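>>> Got a predicted structure plus its sequence, pasted below:
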Amino acid sequence: MIDVIVTRKIREAEGIYSFELARADGSALVPFSAGSHIDVHLPSGLIRQYSLCNHPDEQHRYQIGVLLDPATRGGSEAMHALEEGSRVQISEPRNLFALAHAASRSLLFAGGIGVTPILCMAERLAQINAPFELHYCGRSAASVAFAERIRSSSFAGQAQLHFDDQPATRLDAAAALAGYSSGDHLYVCGPGGFMAFVLEQARQAGWPEESLHREYFAAQPPSANQLEAGSFEVVLASSGRSLLVPADRTVAEVLVDGGIDLPLSCEAGICGTCLTRVLEGEPDHRDMFMTPAEQALNDQFTPCCSRSKSARLVLDL
């Protein structure tokens, strides 16, 4: 854990603040790569993940951007309550959304607050003179953060801003995604609907799955069928111990209550911290962390949100 101080808090757009974090003792922070995020341990006890959006060569600060989500579970509200001088603890940076530095071309798509990891990627790609385009979409100019930073950046000529209330600027996804060549890579971050649209347009334009990279900021709400899912049994392979998971509790809750030391962070199937190996049974995957191909293997799952299609899951615990 790293003790940090909020050295700057800036209103970037409607409902969005950026926070600059520096070590409490004044020493250098751990280096990070474009696409990295940190866990912020809030005074309320909540832990939330935020992407780093400053230049990846900087070690005197980490910068994050936080949208006050109307459907907040408390994390963004607690972040917005922090002021300059507030002290919090954070994890070292982790990267689950890394750039392919050898890409022949990179297309970056950001929707709303999803710009934070994308902005860091643009900084890095510009630094190494790699070919890329940035498409940043939002409802209006007033709702998007870091627009002026992009306009005044060294990569301003490679960036396009698209606003729903300005028809002339709207994203033409088909045109942006045309002309895929081997070695091209696409990165997208933002609301679920926006990401699904960009990824589907890319697939229709001939982009292969291995060239598509995404990072989710929020878990998708469960479907009616998922909400109706019943209870099932989890078995700990190390001891043969069996635990019942009722319909109204998560596997993670049952395991932790049973004294199992399970690492948890987002508790929404986004970060992969709790990823657990499955030895028998068929998981009902509800995470946004693994790819569809990884989920299809059914050899691991996220107990914080996923359930079981079979009556029993045997876990490598």
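That came through fine. Residues are numbered from 1 along each chain as shown.

>>> just the strands in the stretch 101-250 of the chain please.
Using DSSP state E, counting those that start in this stretch, the strands of the stretch 101-250 of the chain run over 105-111, 132-138, 159-163, 184-190, 212-216, 232-236, 242-245.

>>> Check which residues of the shortest one are buried.
The reference is to strand 242-245. Neighbour-count burial for strand 242-245, with 16 or more other C-beta atoms under 10 Å as criterion, is recorded at 243, 245. Quick note: C-beta positions are derived from backbone N, CA and C, even for glycine.

>>> CA-only coordinates of that strand in PDB, if you can.
Output of strand 242-245 as PDB, limited to C-alpha atoms (Å, rounded to 0.1, in the frame of the first residue of the first chain):
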ATOM      1  CA  SER A 242     -19.000 -27.800   0.800                       C
ATOM      2  CA  LEU A 243     -20.700 -24.400   1.000                       C
ATOM      3  CA  LEU A 244     -24.200 -23.500  -0.100                       C
ATOM      4  CA  VAL A 245     -24.500 -20.300  -2.200                       C
END
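
>>> counting contacts, what elements does it pack onto?
strand 232-236, helix 251-257 (3 or more C-beta pairs under 8 Å, 6 or more residues apart in numbering; DSSP states H and E).

>>> Run me through the strand neighbours of the shortest one, direction for each.
Looking at strand 232-236 with DSSP bridges, its paired strands and their directions are strand 242-245 (antiparallel), strand 312-315 (parallel).

>>> Now for H213: which residues touch it?
Listed by C-beta atoms under 8 Å, 6 or more residues apart in numbering, the contact set of H213 reads 97, 100, 185-188.

>>> Quick one: buried ones out of these?
Looking at the contacts of H213 with 16+ other C-beta under 10 Å, the buried ones turn out to be 97, 185-188.

>>> which one of those sits closest to A176?
Using C-beta to C-beta, L186 is the member of the buried ones among the contacts of H213 that lies nearest A176, at 9.7 Å.

>>> what number of residues lie near the closest residue to I10 other than its chain neighbours?
In space, and not counting its chain neighbours, I10 is closest to S18: 4.9 Å by C-beta to C-beta, 6 or more residues apart in numbering. Neighbour count of S18, defined by other C-beta atoms under 10 Å: 20.

>>> Verify the stated contact: S18 with Q63.
Yes: using C-beta atoms under 8 Å, S18 is in contact with Q63, at 5.9 Å.

>>> Can you work out which residues contact both of those two?
Listed as contacting both S18 and Q63 by C-beta under 8 Å, 6+ apart are C53.

>>> could the strands of the stretch 101-250 of the chain go into CSV alongside distance to A78?
Below are the strands of the stretch 101-250 of the chain laid out as CSV (distance: least, C-beta to C-beta, whole Å):
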stretch, distance to A78
strand 105-111, 24
strand 132-138, 24
strand 159-163, 30
strand 184-190, 22
strand 212-216, 20
strand 232-236, 32
strand 242-245, 29
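
>>> coming back round to it: could you work out the most separated pair of the contacts of H213?
A100 and V188 (14.1 Å).

>>> residue contacts, G230?
A247.

>>> please begin residue numbering at 30 from this point
Shifting the count to begin at 30 puts that one at G259.

>>> and this structure, what are its domains?
31-124, 134-245, 253-344 (automatic domain parsing).

>>> Which of the ones you listed comes out lowest on mean pLDDT?
The weakest mean pLDDT among the domains of the chain belongs to domain 253-344, with a mean of 87.

>>> Against V280, how distant is the nearest residue to L128 once chain neighbours are set aside?
The shortest distance from L128 to any non-neighbouring residue, by C-beta to C-beta, 6+ apart, is to A63 (5.2 Å). As judged by C-beta to C-beta, to the nearest Å, A63 and V280 stand 33 Å apart.

>>> How about A139?
33 Å.

>>> ok, those two, which is more surrounded?
Counted by other C-beta under 10 Å, A139 and V280 do not tie: A139 has more neighbours, with 30 against 25.

>>> Identify the residue nearest the more buried one in space, chain neighbours excluded?
Using C-beta to C-beta, 6+ apart, the closest residue to A139 is I147 (4.0 Å).

>>> Contacts only, for the one you found.
Neighbours of I147 in contact, by C-beta under 8 Å, 6+ apart: 137-139, 163, 165, 216, 218.

>>> Please apply the same query to S335.
280, 298, 312-316.

>>> For V33, which of the helices and strands packed on strand 271-274 is the nearest?
Nearest of the helices and strands packed on strand 271-274 (C-beta to C-beta): helix 280-286, 27.2 Å.
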